[in-house]
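Q: how would this look folded up:
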Amino acid sequence: MRRLRPVHPPHKPWALGAALAKHRLFRHLPPFRAAAELNLKEYTVSSPDLPEAFDGLRIAYASDIHYGALLDEARVRDLAERLNALDADVLLLGGDYGDDTSHALAFWKVVPELRARLAVCAVLGNHDRAEGPAEPFIIAMRERGVTPLVNSTLTLKRDGHTLALCSTDDFNHGTPDFAGVAAQAGSADFVLYAPHSPDALPQAFDVSTPPFFDLAVCGHTHGGQISIFGIAPHTASRYGFFFGNRFNSGMKTEQGVPVIVSNGVGTSWLSIRFGAPAQYHLITLRSLRKD
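A: Next up, the predicted model:
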């Protein structure tokens, strides 16, 4: 088992940084401008475990929105429009909806309706959970027609085959139940596991051999917000610099499982980005097997 650093409270936005980001002399500077420019990043994941019934399934994904001092309601509406325009089968949100718990709950009041053909789901992040229980978020999500994935699983069925979407509670401030989620999802033909932070992955991989999931999708890292030649000087990982940079951004393979880590939409301490553009995603699943 890897050694974990202690849990610390999430970063709060710097008041001076928020003021600078809105000032007309600063907001056009490249690091500030990059923080406000949202980019679509697409991935195709091919798997022999995916039934042909789900071949071509399209998943819209966004994480780390951080509604509040550094990201306003207009940008929340813009994100919702972009996600809906992808016309996905599944829409999945990866946690950290506000820069603190109150803004995270307020996000669910201001965000427009989110749409997908089969399911709209959401997980919880450290900024959501740091100051309170999960229940208010579960209620708020359900009121908006969103399925919460908090130590739980949603199973999609098609032509006699199953695909499970699942997540544990936030790794840093929640109560993740890895064995419970693995048991819920284990009978599905294909499992997408979507913890907020990639720091959850080592314990998730330890639950079973082979792993109980076929694809992992995470956020939390922001790509470091500042990345130089692909290396983030500061990472959000409690496992340290090397693990943090391995699972900082992009698609990796761990124990034969594809792992996608998003740079996220918003920022958490200062509204700047360099070498780590803000992202939302379209992930297309492809089957390599013949049923």
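
Q: all the strands of this protein, in order from the start?
A: Assigned by DSSP state E, the chain shows strands spanning 38-47, 58-62, 90-93, 119-122, 147-148, 152-158, 161-167, 190-193, 215-218, 250-254, 257-261, 278-287.

Q: can you say which of these is nearest to Phe229?
A: Proximity to Phe229 (CB to CB) singles out strand 250-254 among the strands of the chain, at 13.8 Å. Backbone N, C-alpha and C define where each C-beta goes, glycine included.

Q: what about that closest one, average pLDDT?
A: Mean per-residue pLDDT for strand 250-254: 98.

Q: turn the strands of the chain into CSV, columns for mean neighbour count and distance to Ile139.
A: Listed next are the strands of the chain as CSV, based on neighbours: other CB atoms under 10 Å; distance: least, CB to CB, whole Å:
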stretch, mean neighbour count, distance to Ile139
strand 38-47, 15, 28
strand 58-62, 24, 21
strand 90-93, 26, 16
strand 119-122, 24, 12
strand 147-148, 18, 9
strand 152-158, 17, 14
strand 161-167, 23, 17
strand 190-193, 27, 24
strand 215-218, 26, 24
strand 250-254, 14, 34
strand 257-261, 21, 29
strand 278-287, 21, 25
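
Q: now those strands as TSV including distance to Pro202?
A: As requested, the strands of the chain are exported to TSV (distance: least, CB to CB, whole Å):
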stretch	distance to Pro202
strand 38-47	21
strand 58-62	22
strand 90-93	22
strand 119-122	24
strand 147-148	24
strand 152-158	21
strand 161-167	16
strand 190-193	13
strand 215-218	11
strand 250-254	9
strand 257-261	12
strand 278-287	23
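
Q: quick one, which of those strands is nearest to Gly244?
A: Closest approach to Gly244 among these (CB to CB): strand 257-261, 10.4 Å.

Q: okay, the angle between the lengthiest helix in the chain and strand 38-47?
A: Ranked by residue count and defined by DSSP state H, the top helix of the chain is helix 73-85. For helix 73-85 against strand 38-47, the angle by axes from the mean of the first three to the mean of the last three CA atoms, to 10 degrees is 30 degrees.

Q: which helices and strands does helix 73-85 pack with?
A: With contacts defined as 3 or more CB pairs under 8 Å, 6 or more residues apart in numbering; DSSP states H and E, the packing partners of helix 73-85 are strand 38-47, strand 58-62, helix 101-110, strand 278-287.

Q: then it to PDB, C-alphas only?
A: Extracted C-alpha coordinates of helix 73-85, given in PDB (Å, rounded to 0.1, in the frame of the first residue of the first chain):
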ATOM      1  CA  GLU A  73     -23.100  31.600 -13.500                       C
ATOM      2  CA  ALA A  74     -22.600  32.600 -17.200                       C
ATOM      3  CA  ARG A  75     -19.800  30.100 -17.500                       C
ATOM      4  CA  VAL A  76     -21.900  27.400 -15.700                       C
ATOM      5  CA  ARG A  77     -24.600  28.000 -18.400                       C
ATOM      6  CA  ASP A  78     -22.000  27.900 -21.100                       C
ATOM      7  CA  LEU A  79     -20.700  24.500 -19.800                       C
ATOM      8  CA  ALA A  80     -24.200  23.000 -19.700                       C
ATOM      9  CA  GLU A  81     -24.800  24.100 -23.300                       C
ATOM     10  CA  ARG A  82     -21.600  22.600 -24.500                       C
ATOM     11  CA  LEU A  83     -22.200  19.300 -22.700                       C
ATOM     12  CA  ASN A  84     -25.800  19.100 -24.000                       C
ATOM     13  CA  ALA A  85     -24.600  19.900 -27.500                       C
END
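
Q: just the buried residues of that helix, please?
A: Neighbour-count burial for helix 73-85 flags 75-76, 79-80, 83-84 (criterion: 16 or more other CB atoms under 10 Å).

Q: give me the neighbour count for the closest residue in space to Asp49 that isn't next to it in sequence.
A: Take Asp49 and drop its neighbours on the chain: the residue closest to it by CB to CB, 6 or more residues apart in numbering is Asp214, 4.8 Å away. The tally of other residues near Asp214 (other CB atoms under 10 Å) stands at 24.

Q: backbone phi and psi for Asp214, please?
A: phi -110, psi -10 (degrees, to the nearest 10).

Q: for it, give me the pLDDT.
A: The model reports Asp214 with a pLDDT of 98.

Q: Ala14 contacts Trp269, doesn't it?
A: Just to correct that, residue 14 is Trp rather than Ala. Yes. Using CB atoms under 8 Å as the test, Trp14 is close enough to Trp269 to be in contact (5.9 Å).

Q: contacts for the longest helix of the chain next, please.
A: Here helix 73-85 makes contact (CB atoms under 8 Å, 6 or more residues apart in numbering) with 36, 38, 40, 60, 62, 65, 67, 91, 107, 110-115, 265-266, 280.
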